[in-house]
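Colleague: Turn this into a structure:
(chains A and B)
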Protein chains: 2
Amino acid sequence: MANKYVYFFSQKESDGDGKMKTILGGKGANLAEMCRIGLPVPPGFTISTEVCDYFYKHAKQYPPELKQQVEDSVKKLETVRGRKFGDKTKPLLVSVRSGAAASMPGMMDTILNLGINDDVVAALEKETGNGRFAWDSYRRFLQMFGDVVLGIDHDLFEHALEEVKRDFGKKQKISGIENLKQEQLNKAVPDTNLGADELKEVVSRYKKVYEAAKKKFPTDPLEQMWLAVGAVIGSWNNPRALKYMELNDIRGLLGTAVSVQSMVFGNTGIESGTGVGFTRNPSTGENKLYGEYLLNAQGEDVVAGIRTPNPIDQLANEMPLAHKQIMEIKDTLEKHYKDMQDFEFTIENRVLYMLQTRNGKRTAHAAVKIAVDMVREKFIDEKDAVMRVEPKQLDQLLHPTFDPSAEKKAGVIARGLPASPGAASGQVYFDAETAEERSELGEKIILVRLETSPEDIGGMAVSQGILTVRGGMTSHAAVVARGMGKTCVSGAGEISVDYKKKTFSVGSTTVKEGEWISLNGSLGTVYVGKIATQEAVLAGDFGTIMTWADKFRKLGVRTNADTPKDTQVAVKYGAEGIGLCRTEHMFFEGDRIVSFRRMILVAEEVKNLRKQLDATEKEDERKAIEDKLRAPLAQYNQAIAELLPLQRGDFSSMFKELKGRPATIRLLDPPLHEFVPHDEKGQDEMAAAMKLPIEKIKKAVDALHEFNPMLGHRGCRLGLTYPEVSDMQVRAVMEAAIEVKKAGIEVHPEIMFPIVATEKELSLCRERAERVVAEVFAEAGVKVDYNMGTMIEVPRAAVTADEIAKHAEFFSFGTNDLTQMGAGLSRDDSGKFLPDYVKLGIFEVDPFQSLDQGGVGRLMKIALKLGKKVKPNLKTGICGEHGGEPKSVMFCHRIGLSYVSCSPYRVPIARLAAAQAAILYGEPGQELKLDFLN
Amino acid sequence: MANKYVYFFSQKESDGDGKMKTILGGKGANLAEMCRIGLPVPPGFTISTEVCDYFYKHAKQYPPELKQQVEDSVKKLETVRGRKFGDKTKPLLVSVRSGAAASMPGMMDTILNLGINDDVVAALEKETGNGRFAWDSYRRFLQMFGDVVLGIDHDLFEHALEEVKRDFGKKQKISGIENLKQEQLNKAVPDTNLGADELKEVVSRYKKVYEAAKKKFPTDPLEQMWLAVGAVIGSWNNPRALKYMELNDIRGLLGTAVSVQSMVFGNTGIESGTGVGFTRNPSTGENKLYGEYLLNAQGEDVVAGIRTPNPIDQLANEMPLAHKQIMEIKDTLEKHYKDMQDFEFTIENRVLYMLQTRNGKRTAHAAVKIAVDMVREKFIDEKDAVMRVEPKQLDQLLHPTFDPSAEKKAGVIARGLPASPGAASGQVYFDAETAEERSELGEKIILVRLETSPEDIGGMAVSQGILTVRGGMTSHAAVVARGMGKTCVSGAGEISVDYKKKTFSVGSTTVKEGEWISLNGSLGTVYVGKIATQEAVLAGDFGTIMTWADKFRKLGVRTNADTPKDTQVAVKYGAEGIGLCRTEHMFFEGDRIVSFRRMILVAEEVKNLRKQLDATEKEDERKAIEDKLRAPLAQYNQAIAELLPLQRGDFSSMFKELKGRPATIRLLDPPLHEFVPHDEKGQDEMAAAMKLPIEKIKKAVDALHEFNPMLGHRGCRLGLTYPEVSDMQVRAVMEAAIEVKKAGIEVHPEIMFPIVATEKELSLCRERAERVVAEVFAEAGVKVDYNMGTMIEVPRAAVTADEIAKHAEFFSFGTNDLTQMGAGLSRDDSGKFLPDYVKLGIFEVDPFQSLDQGGVGRLMKIALKLGKKVKPNLKTGICGEHGGEPKSVMFCHRIGLSYVSCSPYRVPIARLAAAQAAILYGEPGQELKLDFLN
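Modeller: Below you'll find the model as predicted:
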């Protein structure tokens, strides 16, 4: 039997149904389905997506069977409708629409009124006695077909139409009609005001447009149809469609289907019309019909914005019967689809037709409300409800958002990466210090920097939002902003900043210090001026969905938190503990940085002198070295001692917030140069604060320079070189834990060593830390429950995890670094080529945003297998940025991690994604196989 | 039965033998062995290394059995010798010596004359009638024991001895004796001039030294012995010994053994003496007894340098019988040990005793000659001969060396890393430009830089050697220098360079521009002044050993070569092809850099405009963008076109040198910023050369800045962003290949894509390259045999090698980068902590010098398994720096790589190491197991 490429649908019979989206596209499948459930759908047929697939795989040839199948379907359609293509009494007109399995705005959309020509228009006029309708349909088709199928510049059609309108206006004596701009002209002379004569004139001018463009207008309806089908299929691979697929993470589609449907006409007069509806409010979720319509119009008029459509409620007055029918269809659709539907309809001479239905897009608010309501209405169960909310969307609920219309009006001036969600408006400042000063005066601040460094933390903390020119999704700015819950747009490379002049510019726009801008951190967009924001409200339905999610979820969800405030927010959002506390962030608060820098200044000297001491046995040499060592060592120890009570205080506050939930505390991780100023001004200040010549500061900063700091002297490497810093941190953790325990609060600290690459590093670090713990316990006479573990973020650690696991109670995958080292990508630099890489399909998605499951994921699997071989009950988590990204969370479920950890605002997202993973994939860990090695 | 800890040896019976080095140490085992083969060895016993091991594992306690076993052995020794500890007529004196399984200069070495005290010295004097001998022995023991066992400052003994000498000199009326310095005094009054009375006086003063230091001199011989044994064992863990083990890669020893041997005396008069011998010349390998001796002396006098020993030939005159006996023993030793021996002997009253023998250390020259000679002499077979030469040592043969005595005299002023072997003297210049100018005047140059960058290549090329303050074994300076065969010392951190003043200083030494310094690149040492060098001579024996090596070798050996000259050298040294041609190095020669920089200047602009073009379908916008694109695109293409004939020329010369051997050519790898100047001066020059404002240069350089360039925009990432550069390179390779083929020379180019992390990168790059190849073939009407493959240097590539192998005919492991990314170590930065890491045992050895088999090696195994799963005959090689390091080469054999590739001068090393691997480990690939995963 030949392959079936064409699927007929009518209320009497349909080859397809709603489940066949893969081959009929969403549109085609739902047309068939609506026919099957008895809704009034004009009959037609759908050419399957397999044709599109075949086309691109066979040098742009159709399958040989296609022609016959389409022509048979046309004949069947003619029979069903009792009309014929090109017929001079009862002509058949059709629409041709694209429709992939996923909705795709980039593709050619719709051609209406296909089948019309000079003969047909006359037949229509004669049949309906409605010349205006006939010529309106003809001119619409000429324009759509010319523009979309033949590629004639659509402005040429607009100009022709305008000329006719101006002539008509002159006749009507509308004053100044000559000088009206297009928009004014359309208001003065709406399309509906044009009569049959004017439309006839439009048609005649449109034909001249074809001639001028040297394009032949095909009068044969079948030829028109084949050209339109070709245009739809040809639009499948256009850049806009590809871009949309890329942005929306759409993959694996066969192609687009093409639906050919007999026309019904909303433009036959004031008892006809067309509109769109939602079975519930897509913005609020309210269970009430929502939509709009236009009388005497065809589909494109509703969206084109030339005429303002009416709210659908008004239809109850204008056409009560049609309205009633729509209300019934709303119920039918929801009962059938068990989800909120977005549908299109046309009324032709008081008779209602359904042209499309699909699951309606909705805001996060609406998604949550509809899901919860539908459980109450017994449409769906809790599992369905949990599946109905996109985890990513929750961001909208957890952060302030712009008023959408105000945002639209403002107009994007630049785009960067959506580094930290939310919406913020503020006055621009270019350095942290000024930002802090201005904030004290009550100003709202947007801090704009080429890139941020730890010195900017104070300025970031007082800002509403942060905008950087350089840096990716996991740049310093992005990570810190997410941690703080601040809006951030990073890597907005089009912008050029002039620190000296205190301005930034993009294109022809220049923004000066103190001027207002706005950032949408969820989209990565930048606006000039102030935009009104809406605050986040965690409605009751949100809590309900989260409770249901937790019922199904198997994966733990912790948070990355560095401060008591972070901890508090995260616990409120359901975090089950801290998965990553970056202790170094604490070093920047207040005067601590001074102590820490004092330590750094002498650290190198101390290290070198100690080395010299180790190298000699001679009493006199040793004595001389010891003499030299005394002063710097005192300063070194003093500086560290100053930090102890401060860190202890932080930890104790966090432990109190956690109320017995575990807290993984990572010892000092970044290279020391991140803690010293690199600019002249900062170094001057540092020199002044320390009463040292600036030369000494410069020399120390230079000595810390690294070519590739990501692969440099950091993490446990620092702990081994400057063990007193780790000792202090371990002591602070354990002393705080004892203090909190004594206050009657349960506490479970977990000490984590970063950048471990070898077994020996971990065993040495742990050995030393255990000694400190023992000391603290002995001093206090009290013990607390604790354990120690390691980050797995160096590929070497992943492939030697069997050795490393011997010394660890837990592994925490640092997938930011594991991606950097594993894939050889510097997160701060790869912005130069990663977007191209995604476009080229090298990475399906930016691996810093969503875990590279096929690459970095393999390293994780190897590490898990090896680790669990040695310790079957090893606790395993992830604390990279991926811990809050839904696809990555699902992967973590599938490979059987114990928990994910993410920034506080992402905790609900992770909870929901984890629940969906459990529903979709069943028991955790089923994908922890090294089958790729066999 | 109790554990046996003590092994007796005498000519009559020996518990041990020469194979028991592990527990008897080298010294103890060979003493036993010499007894067994009938050589005259004074009897004694050896305390096994297991005692040392036990001691450190049991809180510094001896095994309980030890005391009895030692005391039994002492009794046996007393019986055999007919002498007793502390006996007042026939006292027993012994020596106590350390001896691990490997020779260890850092440890306590020897205590002679143990067992002496006031009573014993009297007995000796009486027994021998030789007061001088008796008191000489006593004073020697007091000094050695006080210094080594009791830790009394040895200067105090020296001073006391000097005082006696001055008094004696005064008596002898030596003028000015009061003011002679120590050295002069020792010449004026040699030890041998002191008589019994003076030596008695020395003993008396030495006793006062003990008193002043508040140390009791133990008079009981047994107590003396236990203290000495304790000192030997205690010295096992001292810093100098540890350092030696670290430097010499000695691991896994149980500890040191202690040999207690009855004394024979070389200091009884002029018919006694002591000396050291080599059975062949250790410097030249000549088969002729070599050595030196002193009459009336004890062992330490020969090495102490106070008296100048006589060449051993002279002994034939002074003591012909002893000399004859030594000549016989030489033969006995060689026949028995089948290797050149280094031995110690003592003659006591004309009777010869052997105190030690071991395989003699030798220069590379000697090693090669001895191995070849011994095959001819039928002592050993070819396999043995191949095993007799240390691959690392060959460096000495392949590079110029300093005259050893001149080098010793010069004195090291600073140490860095032995980055590129050889010896060089030259005048110091601090910038490449001056170096080039001065070189043209005929000066010999040492280029001194903080670090080098590609801009310095010209300067490096004209220099004799390169010295850098920063950078590791695989820094730019090191890699380029090795490639060029230039001596290089890198990372000499003690040095501070002042570019402005044109000086460098270290400690109190300051060296100005134009002054002479010398570098030993094999040791990493720096000297002030000019040192005479000896040229490398590849003697015939070297060729013989290499031929034998190739008989056994299974692993291919290729070379890393970037120029025809490199290629020529490498082929001469036996390279079987090029494993890595770094095409970018060609960009620096002559004016090419100008073309390349011109390309870089517009590349970003071209890329951005192309992106804009891709993003729009609008005709007018496209036109506007195309207009903007025209000029930069022309410049971009022009610059690339200029490079084509130059690269083609290079390749064709190299192919001609290779005469049909394969050549793997890697496309552009480093990030573009490596090709532009970063200093003001360089940028000025570049601006002038390009007739552009410097601001434009600066902006372009800034735009290329990366935080972690190692993980940045490089390798195939550049190829995907700027495909025309790769196109040009592929075209140059293939056009050159065709040209060479047409000239009748066989040619096998292999195109290699660097920094591949994903399958898709490789497939895209390859697809494009294949198109270029097809074009070139079509144009020429000729085809050549070629293939394409990839570097495996990104961990992600290693773990997805199954996917990557689909698009590759070969894998070449880039273990420099694989180590950087795999272990998270920046090669240029890790110098700050890697030395400590080696000391702490975290890495057994710097993983950039010798492959980290347990970590990076696992990644390699995974990649090999995965790659061969898809392509069983995949060609696999290594082209990192490890390809020329013997241990790494052996690993490559064991995991079954097809070949290693290394710098030309290391080719013989790799050949020899590969042969040894085949001999030691049998068939290749036996270690390619992923058993760690099971």
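
Colleague: Distance check, the nearest residue to residue A:174 once chain neighbours are set aside against residue A:169.
Modeller: The shortest distance from residue A:174 to any non-neighbouring residue, by CB to CB, 6 or more residues apart in numbering or on different chains, is to residue A:188 (5.5 Å). Backbone N, C-alpha and C define where each C-beta goes, glycine included. Counting by CB to CB, to the nearest Å, the gap between residue A:188 and residue A:169 amounts to 6 Å.

Colleague: Contacts only, for the residue in the stretch 51-200 of chain A positioned nearest to chain B.
Modeller: Per CB to the nearest CB, residue A:153 is where the stretch 51-200 of chain A lies closest to chain B, at 7.6 Å. Residue A:153 is in contact with A:147, A:213, B:619, counting by CB atoms under 8 Å, 6 or more residues apart in numbering or on different chains.

Colleague: Quick one: buried ones out of those?
Modeller: residue A:147 (16 or more other CB atoms under 10 Å in any protein chain shown).

Colleague: now, among the contacts of residue A:153, which is nearest to residue A:589?
Modeller: Closest to residue A:589 out of the contacts of residue A:153 is residue B:619 (57.0 Å), distances taken as CB to CB.

Colleague: just the contacts of residue A:153: which has the poorest pLDDT?
Modeller: Across the contacts of residue A:153, the bottom pLDDT score, 75, is held by residue B:619.

Colleague: re earlier: are there residues contacting both of residue A:188 and residue A:169? Which ones?
Modeller: A:177, A:180.

Colleague: Please identify the residues of the stretch 501-650 of chain A in proximity to chain B?
Modeller: A:611, A:614, A:615, A:616, A:617, A:619 (CB under 8 Å from any CB of the partner chain).

Colleague: helix or strand for the residue lying closest to the fourth one once chain neighbours are set aside, which one?
Modeller: In space, residue A:616 comes closest to residue A:622 once its chain neighbours are excluded; the distance is 5.9 Å by CB to CB, 6+ apart. Residue A:622 belongs to helix A:619-658 when assigned by DSSP states H and E.

Colleague: name the helices or strands packed onto that helix?
Modeller: The helices and strands touching helix A:619-658, judged by 3 or more CB pairs under 8 Å, 6 or more residues apart in numbering or on different chains; DSSP states H and E, are helix A:564-572, strand A:578-582, helix A:592-615, strand A:662-666, helix A:723-742.

Colleague: who's in contact with the longest one?
Modeller: Residues from elsewhere that reach helix A:592-615 (CB under 8 Å, 6+ apart): A:586-587, A:622, A:625-626, A:628-629, A:632-633, A:635-636, A:638-640, A:642-643, A:646, A:672, A:675-676, A:686, A:689-690, A:692, A:696-697, A:700, A:703-704, A:721-722, A:725, B:239, B:243, B:836.

Colleague: Just the buried ones from those?
Modeller: Buried by 16+ other CB under 10 Å: A:586-587, A:625, A:629, A:632-633, A:635-636, A:639-640, A:642-643, A:646, A:672, A:675-676, A:686, A:697, A:700, A:704, A:721-722, A:725, out of those.

Colleague: coming back round to it: doesn't residue A:179 make contact with the residue nearest to residue A:174?
Modeller: No: using CB atoms under 8 Å, residue A:188 makes no contact with residue A:179, being 11.2 Å away.

Colleague: The two: who's more crowded?
Modeller: For residue A:188 versus residue A:179, neighbours defined as other CB atoms under 10 Å in any protein chain shown are more numerous around residue A:188 (18 against 9).

Colleague: burial measure for residue A:779, as a count.
Modeller: 12.

Colleague: so what's residue A:700 up against?
Modeller: Residue A:700 touches A:600, A:601, A:604, A:676, counting by CB under 8 Å, 6+ apart.

Colleague: now for those residues, which pair is the farthest apart?
Modeller: A:604 and A:676 (11.9 Å).

Colleague: Now do the residue of chain A positioned farthest from its centre, the pLDDT please.
Modeller: For chain A, the largest distance from the centre (CA atoms, centre = their mean) belongs to residue A:620, which lies 66.4 Å off. What the model reports for residue A:620 is a pLDDT of 79.

Colleague: again with the one 5 residues further on
Modeller: According to the model's per-residue confidence, residue A:625 sits at a pLDDT of 89.

Colleague: So which residues on the stretch 51-200 of chain A come close to chain B?
Modeller: residue A:153.

Colleague: what ranges do the strands span in the stretch 51-200 of chain A?
Modeller: Counting by DSSP state E, counting those that start in this stretch, one finds strands in the stretch 51-200 of chain A at the ranges A:94-100, A:110-114.

Colleague: Turn the helices and strands packed on helix A:619-658 into JSON lines, including mean pLDDT.
Modeller: Output for the helices and strands packed on helix A:619-658, formatted as JSON lines (pLDDT from 0 to 100):
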{"stretch": "helix A:564-572", "mean pLDDT": "91"}
{"stretch": "strand A:578-582", "mean pLDDT": "96"}
{"stretch": "helix A:592-615", "mean pLDDT": "86"}
{"stretch": "strand A:662-666", "mean pLDDT": "98"}
{"stretch": "helix A:723-742", "mean pLDDT": "97"}
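
Colleague: Can you say which of those is packed in most?
Modeller: strand A:578-582 (a mean of 27; mean count of other CB atoms under 10 Å in any protein chain shown).

Colleague: which residues are contacting it?
Modeller: With CB under 8 Å, 6+ apart as the criterion, strand A:578-582 contacts A:558-562, A:567, A:570, A:654, A:658, A:661-666, A:669, A:752, A:812, A:877-879, A:883, A:899-902.

Colleague: For chain B, what is the nearest residue in the stretch 201-350 of chain A?
Modeller: For the stretch 201-350 of chain A, CB to the nearest CB, closest residue to chain B: residue A:239, 6.3 Å.

Colleague: can you pull the contacts of that residue?
Modeller: Here residue A:239 is in contact with A:106, B:614, B:615, B:616, B:617 (criterion: CB under 8 Å, 6+ apart).

Colleague: and if we set it to 10 Å?
Modeller: A:106, A:839, B:614, B:615, B:616, B:617 (CB atoms under 10 Å, 6 or more residues apart in numbering or on different chains).

Colleague: Out of the residues you listed, flag the one nearest to residue A:97.
Modeller: Using CB to CB, the contacts of residue A:239 come closest to residue A:97 at residue A:106, 14.5 Å.

Colleague: before we move on, the earlier item: which stretch among the helices and strands packed on helix A:619-658 approaches residue A:796 most closely?
Modeller: strand A:662-666 (18.7 Å).

Colleague: orientation of the closest one relative to strand A:578-582 in degrees?
Modeller: Interaxial angle, strand A:662-666 versus strand A:578-582 (axes from the mean of the first three to the mean of the last three CA atoms, to 10 degrees): 30 degrees.

Colleague: buried residues in the very next helix or strand once past strand A:662-666?
Modeller: Following strand A:662-666 in sequence order, the next helix or strand is helix A:680-690 (DSSP H and E). Applying a neighbour-count criterion of 16+ other CB under 10 Å, one finds A:682, A:683, A:685, A:686, A:687 buried in helix A:680-690.

Colleague: What is the subsequent helix or strand relative to helix A:680-690?
Modeller: Criterion used, DSSP H and E; the element after helix A:680-690 is helix A:694-704.

Colleague: any idea of the mean pLDDT for that following helix?
Modeller: 88.

Colleague: so how far is that helix from its chain's centroid?
Modeller: 42 Å (CA atoms, centre = their mean, to the nearest Å).

Colleague: next one: stretch A:590-610
Modeller: With CA atoms, centre = their mean, you get 42 Å for stretch A:590-610.

Colleague: next one: stretch A:606-613
Modeller: The answer for stretch A:606-613 is 51 Å, by CA atoms, centre = their mean.

Colleague: mind exporting that stretch as PDB, just the C-alpha atoms?
Modeller: Output of stretch A:606-613 as PDB, limited to C-alpha atoms (Å, rounded to 0.1, in the frame of the first residue of the first chain):
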ATOM      1  CA  VAL A 606      54.700  33.500  55.400                       C
ATOM      2  CA  LYS A 607      54.500  30.600  52.900                       C
ATOM      3  CA  ASN A 608      57.900  31.300  51.400                       C
ATOM      4  CA  LEU A 609      59.600  31.600  54.800                       C
ATOM      5  CA  ARG A 610      58.100  28.400  56.000                       C
ATOM      6  CA  LYS A 611      59.400  26.700  52.900                       C
ATOM      7  CA  GLN A 612      62.900  28.000  53.700                       C
ATOM      8  CA  LEU A 613      62.500  26.800  57.200                       C
END
